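Undergrad: Need the 3D shape of this:
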Amino acid sequence: MTLFDHPDFDHHEQVVFGCDEASGLRAIVAIHNTHRGPSLGGLRIFPYASEEQALTDVLRLSRGMTYKSALAGLDLGGGKAVIIADPKRDKTPALLEAMGRLVDSLGGRYITAEDSGSSEEDMQIIAGTTRHVGGLCREGDHSGDPSPFTAWGVFHALRCAVYHGLERDDLRGLRVAIQGVGNVGAHLAHHLHDAGARLVLTDIDTQAADRLARELDAQVVAPDAIFDADVDVFAPCAMGAVLDASVAERLKARVIAGAANNQLATPGIGQRLQERGILYAPDYVANAGGVIEIAWQRREDYSRDKVMAHIAGIAQTLDEIFVRARQERRTPAEVADRIAEERFAAHRRHAA
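TA: Alright, predicted model coming up:
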């Protein structure tokens, strides 16, 4: 299959394959859209089973970043990078330096940052070979790792979705299933616990799930059992495409709001969820907190209070989406896409 025939190719402006024999780097950078500004998106390091799988992921993720930045009101476009490697075994300073050189060769059209499999420490190494990197600690600030900011945004999104989907303005006693308790999922779990929610957790890292469960008095279930949990809210915080046809039928939750990217395996799943009375908070709206933080890092007037207020505004964006979806009899995913497209299309016309 050629790139232009790929089902997830969406008029991407540029897709670059990078290889460095000495370090073992095999990477793909996808720049989807730069109408609103340079493309920003994290670096995912994952042992993909094939190059085709990696390409699918980076194409979908980069497109999502375009829509995420548009709905977050940022002057940024969408991009993403993936390295085909096991982050626990293959990640070395040489590999990261080679990745930095690849990013630098794009001349600022793509800005990288942390994502699954990469960390703030990794970004520090990459920053040694390119200045086009975010997610770094600012001197005198605690800003750096975007995970806590992503979780804060998902928390606000979840509360908004609960209000619209369950007609509740608080989370006390609500049962929430969290799939994936890595950096973002764990932070989200703490926010929900503090708000009085009762948690059901799962993760392929069973030790991490058990530790967090003991800390938060939560229940732990096997990874596949999370879809059958008797809960009010399902929060996917692991890998994408989790909401497939089977899961859409199995879920008992009436609200979905989580941090994972590209949660809908196919666009039609959004319609099926709606038919079942399940309110879905579009993932790239809910999980925009991290990119908002990284965008603010690039500003001279950085203020943590302003960042947190901007992230809390995710709830107002979802209010608009949910209300418009009801009025237009469309799914929230369809309406979110339409609003985002209106925004970056308008930006393109203005620039022209």
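Undergrad: Can you tell me the SS state at residue 63?
TA: When classified by DSSP: H, G, I helix; E, B strand; the rest coil, residue 63 comes out as helix.
Undergrad: Surely it is in contact with residue 11?
TA: No: counting by CB atoms under 8 Å, residue 63 stays clear of residue 11, with 9.3 Å between them. C-betas here are computed from N, CA, C, even on glycine.
Undergrad: out of the two, which sits in the busier spot?
TA: More crowded of residue 63 and residue 11, by other CB atoms under 10 Å: residue 63, with 24 against 8.
Undergrad: Next, the contact list for the more buried one, please.
TA: Contacts for residue 63 (CB atoms under 8 Å, 6 or more residues apart in numbering) come out as 8, 10, 12, 32-33, 78.
Undergrad: do you know how far it is from residue 240?
TA: Separation of residue 63 from residue 240 (CB to CB, to the nearest Å): 12 Å.
Undergrad: Give me the neighbour count for residue 201.
TA: Residue 201: 27 neighbours (other CB under 10 Å).
Undergrad: Bridged to it, which residues?
TA: With DSSP bridges as the criterion, residue 201 is bridged to residue 178, residue 220.
Undergrad: quick one: low-confidence ranges for the stretch 101-250 of the chain?
TA: Counting by pLDDT under 70, the stretch 101-250 of the chain contains low-confidence ranges at 138-144.
Undergrad: mind listing the strands for it?
TA: For the stretch 101-250 of the chain, the strands defined by DSSP state E, counting those that start in this stretch occupy 110-111, 175-179, 198-202, 219-220, 233-236.
Undergrad: Measure how the second one sits relative to strand 198-202, angle-wise.
TA: So that's strand 175-179. 20 degrees (axes from the mean of the first three to the mean of the last three CA atoms, to 10 degrees).
Undergrad: neighbouring contacts of stretch 287-297?
TA: Residues contacting stretch 287-297 (CB under 8 Å, 6+ apart): 40-42, 65, 68-69, 71-72, 74-76, 111, 113, 134-136, 138, 143, 146-147, 149-154, 157, 184, 258-261, 302-303, 306-307, 310-311, 314.
Undergrad: Not counting sequence-adjacent ones, nearest residue to residue 185?
TA: Closest residue in space to residue 185, ignoring its immediate chain neighbours: residue 237 at 3.6 Å, by CB to CB, 6 or more residues apart in numbering.
Undergrad: how many other residues sit next to that neighbour?
TA: What residue 237 shows, counting by other CB under 10 Å, is a neighbour count of 27.
Undergrad: Same question for the one 10 residues further on.
TA: Residue 247 is surrounded by 21 other residues when neighbours are defined as other CB under 10 Å.
Undergrad: Make sure residue 30 is indeed in a helix.
TA: No: using three-state DSSP, the assignment for residue 30 is strand, not a helix.
Undergrad: Return the set of residues that bridge with it.
TA: Residues in a beta bridge with residue 30, per DSSP bridges, are residue 15, residue 80.
Undergrad: what's the distance between it and residue 82?
TA: When residue 30 is compared with residue 82 (using CB to CB), they lie 8 Å apart.
Undergrad: tell me, what's touching those two both at once?
TA: Common neighbours of residue 30 and residue 82, counting by CB under 8 Å, 6+ apart, are 58, 61.
Undergrad: Do you know the pLDDT at residue 60?
TA: Looking at residue 60, its pLDDT is 93.
Undergrad: OK, contacts around it?
TA: So residue 60 contacts 8, 240, 261-262 (CB under 8 Å, 6+ apart).
Undergrad: Looks to me like it is in a helix.
TA: Yes: Residue 60: assigned to a helix according to three-state DSSP.
Undergrad: Any figure for the gap between it and residue 201?
TA: 26 Å.
Undergrad: Kindly report the same for residue 216.
TA: On the measure of CB to CB, residue 216 and residue 201 end up 8 Å apart.
Undergrad: Return the backbone torsion pair for the spatially closest residue to residue 195 that is not a sequence neighbour.
TA: The spatially closest residue to residue 195, leaving aside those adjacent along the chain, is residue 171, at 4.3 Å (CB to CB, 6+ apart). Dihedral angles of residue 171 (phi, psi; degrees, to the nearest 10) stand at phi -110, psi 0.
Undergrad: Thank you, goodbye.
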